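*Asks:* Here's my sequence, what's the structure:
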Amino acid sequence: MNADIETDVDQQPPYVNPQVATAGGHPNVHQDVPVCAVLIAIFLIGAISNMTIFQRNRRRGHRFFMSWALFGFSMARIATFILRLAVATRPTNVSLAIAAGIFTNVGILVLYVILFLLALRIFRATHPRLGWNPILRKAIKASYYGVAVALILVIAFTVLTFYTLDQGKRIAALWIQRVAILYLLLFNIAYLVFFLLSVMLSPEQESENFGKYGSMRSKLNIVSLAGFATLIIAGFRMGTIWSPPQLASNPPWWDGKVAFYLILFGLEVFVLYFLTFTRIDQRFWVPNGSSKRCNYSGTTGLDDSIGMKPWVHDQDDASQHDRDRNSLQSRGRVEAAFDGYVSRPSTAKKDEGRVSPVVEAVPPLQSGDKAPVKEEPFPLKDNPPEMKEEV
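*Replies:* Residues are numbered from 1 along each chain as shown. The predicted model follows:
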């Protein structure tokens, strides 16, 4: 079968063998055009939604660049389906087919990086000592460079396979693409490592919640569902590129159009809208410049302005915060009631060698009532003088 596949190749570069099955098959007008048109509309709505969220947050001084990244991902997918539409109407244009294949393979990297960052933020918030370890930080930076290198290799050697007939070079290019796709799968699995460590390890004393609202449990649920979908996508891509080439006349199920559109792009649509409607721009937001331990929340302890407190593992953060806020409000009302009876000393006068405070605006007492005495906020060094009441 391999010998049959290698025959009937174009004589001028770029070289294309129409007998080889490709992921999604060769685009055609009757099947691909309607599906691509619907997907363009879906991703266009996703792009508009995320850019609107990003611009509104930016005007309020709330910067969350993952919304901009989701916008970029949506635009990349729109370009992907526009290119597939062009290939369907111009099947002899090999350059369009190459561009469509490149966009199909590299667009998903945006989702990989976003899920990686979300899981990393959870891990650093729950385990700041481990999450901000200098060795781990260097390893994470190195992994980013690895993603960039893998992306360049996939693009370069995908193009190379269309411009050479040397079987040695084509085989080498295929293996380099396989290794690059494998690395991207491992990079995606790294999110799972951070997720499992955040769940299985007991939170540290310095652990904190982050974001403008939402408990840590809700953040874990969001990352788990979206990450599971991206793992399926990454595993499917690796399986297709590692499988031996097949004839286009009898393609395997993984090269069919149903698997191509449903598994790859259907799951991408789910992840895009799931992250958008769960408002990760609010739940996973951290203050600008959060690059060290215990500054994801931007506060120490309770901060009523943004509704956050250090994370408690066994209780809901939002409910606990409401109880703390109600307690503070009740205490404020009690203090205000005391201030209505006894004011703080404002002036002092000498009386027989002792300093006696003058009490202002004390209302008259009814018979049998006792005047409440407000406790001083700090102890005095000497014995405090007795308070004089004006009856």
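*Asks:* make it CA atoms for all contacts and neighbour counts henceforth
*Replies:* OK.
*Asks:* Any idea which residue is closest to the centre of this structure?
*Replies:* For the chain, the residue nearest the mean C-alpha position is residue 118 (3.7 Å; Cα atoms, centre = their mean).
*Asks:* okay, and for the stretch 201-350 of the chain, where does confidence drop off?
*Replies:* 288-350 (pLDDT under 70).
*Asks:* can you pull out the helices in it?
*Replies:* 216-242, 257-259, 267-277, 280-283, 317-339 (DSSP state H, counting those that start in this stretch).
*Asks:* which parts of the second one are buried?
*Replies:* Residues of helix 257-259 classed as buried: 257, 259 (neighbour count, 16 or more other Cα atoms under 10 Å).
*Asks:* Pull the residues that contact it.
*Replies:* The contact list for helix 257-259, computed with Cα atoms under 8 Å, 6 or more residues apart in numbering, reads 23, 24, 25, 253.
*Asks:* So the second one: helix, strand or coil?
*Replies:* The three-state label for residue 24, taken from DSSP: H, G, I helix; E, B strand; the rest coil, comes out as coil.
*Asks:* May I have the residues that are in contact with it?
*Replies:* Neighbouring residues of residue 24 by Cα under 8 Å, 6+ apart: 255, 256, 257, 258, 259, 260, 261.
*Asks:* What of the first one?
*Replies:* Residue 23 is in contact with 240, 254, 255, 256, 257, 260, counting by Cα under 8 Å, 6+ apart.
*Asks:* what do you get for the last one?
*Replies:* When contacts are counted by Cα under 8 Å, 6+ apart, residue 253 is found next to residue 259.
*Asks:* how close does it sit to residue 24?
*Replies:* Separation of residue 253 from residue 24 (Cα to Cα, to the nearest Å): 10 Å.
*Asks:* re the thing from before, if we only consider the contacts of helix 257-259, which is nearest to residue 191?
*Replies:* Of all the contacts of helix 257-259, residue 23 has the smallest distance to residue 191: 26.4 Å, by Cα to Cα.
*Asks:* Helix 216-242 and the longest helix seen in the chain, what's the angle between them?
*Replies:* Using DSSP state H, we find that the single longest helix of the chain is helix 167-200. Inter-element angle recorded for helix 167-200 and helix 216-242: 160 degrees (by axes from the mean of the first three to the mean of the last three Cα atoms, to 10 degrees).
*Asks:* Which neighbouring elements make contact with helix 167-200?
*Replies:* Helix 167-200 is packed against helix 109-126, helix 134-161, helix 216-242, with contacts defined by 3 or more Cα pairs under 8 Å, 6 or more residues apart in numbering; DSSP states H and E.
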